[in-house]
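Asks: Fold the following for me, if possible:
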Amino acid sequence: MLLLGCGYHSVYGQSRSEQLSVQVGQVLVPEPMAAQAAASGVRSELAAAGLLANGGQFPKLVLDVLRVDELSRGIHVQAGQPHAAGMSVALTVRGRVFQAENQEPRFDSGDVRRSVQLSGDSDPRADSAVYDAALRSAAERAGHAVARMALGIPEPNDEAP
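Replies: Okay, here's the model as predicted:
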């Protein structure tokens, strides 16, 4: 209450009355589900703040899905072949807020990376399902982070890979 009374406002965030629509921009990864999950994270964070606009009107937050990183966390040998015992799956996205068509973005989040740790499974079908769930979780977390940054809420960098 004290902060509202003193005139405090975020320098980099949206004005509290300005709603944003969300659009997926470039998708540079082969998993379309990652783009959908990241956009879902952005929309849910904006909706929670009461600032999600319907449709594609301006101002809009354009979300680019840039990269998926996979890093082995351990290796074990099974039937004479090396297998990952665990891995880290990370997704990198970038959000930009545009006020109007053909204008430079008013806000650019820069690269935002979120990762999830998972353990491997000897059954490739189960391993694939675990991987998809981990990628979806990383994407949603990245989307939430971009939306918070656009709203001017401090958001820490992701942990080391």
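Asks: Quick check: residue 29 vs residue 140, distance?
Replies: 15 Å (Cβ to Cβ, to the nearest Å). Any C-beta I mention is one placed from the backbone N, CA and C, and that applies to glycine too.
Asks: who's more crowded, these two?
Replies: For the pair residue 29 and residue 140, the greater number of neighbours falls to residue 140 (23 against 19), based on other Cβ atoms under 10 Å.
Asks: so where is the protein shaky, pLDDT-wise?
Replies: Scanning the chain for pLDDT under 70 picks out the ranges 1-17, 84, 120-126, 158-161.
Asks: 50 instead?
Replies: Residues of the chain that meet the criterion pLDDT under 50 lie in 1-2, 9, 13-15.
Asks: what about the helices in it?
Replies: Ranges of helices in the chain, per DSSP state H, are 2-5, 32-48, 124-150.
Asks: Is it possible to get JSON lines of those helices that adds distance to residue 25?
Replies: Below are the helices of the chain laid out as JSON lines (distance: least, Cβ to Cβ, whole Å):
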{"stretch": "helix 2-5", "distance to residue 25": "34"}
{"stretch": "helix 32-48", "distance to residue 25": "9"}
{"stretch": "helix 124-150", "distance to residue 25": "12"}
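Asks: looking at those helices, which is closest to residue 80?
Replies: Closest approach to residue 80 among the helices of the chain (Cβ to Cβ): helix 124-150, 17.1 Å.
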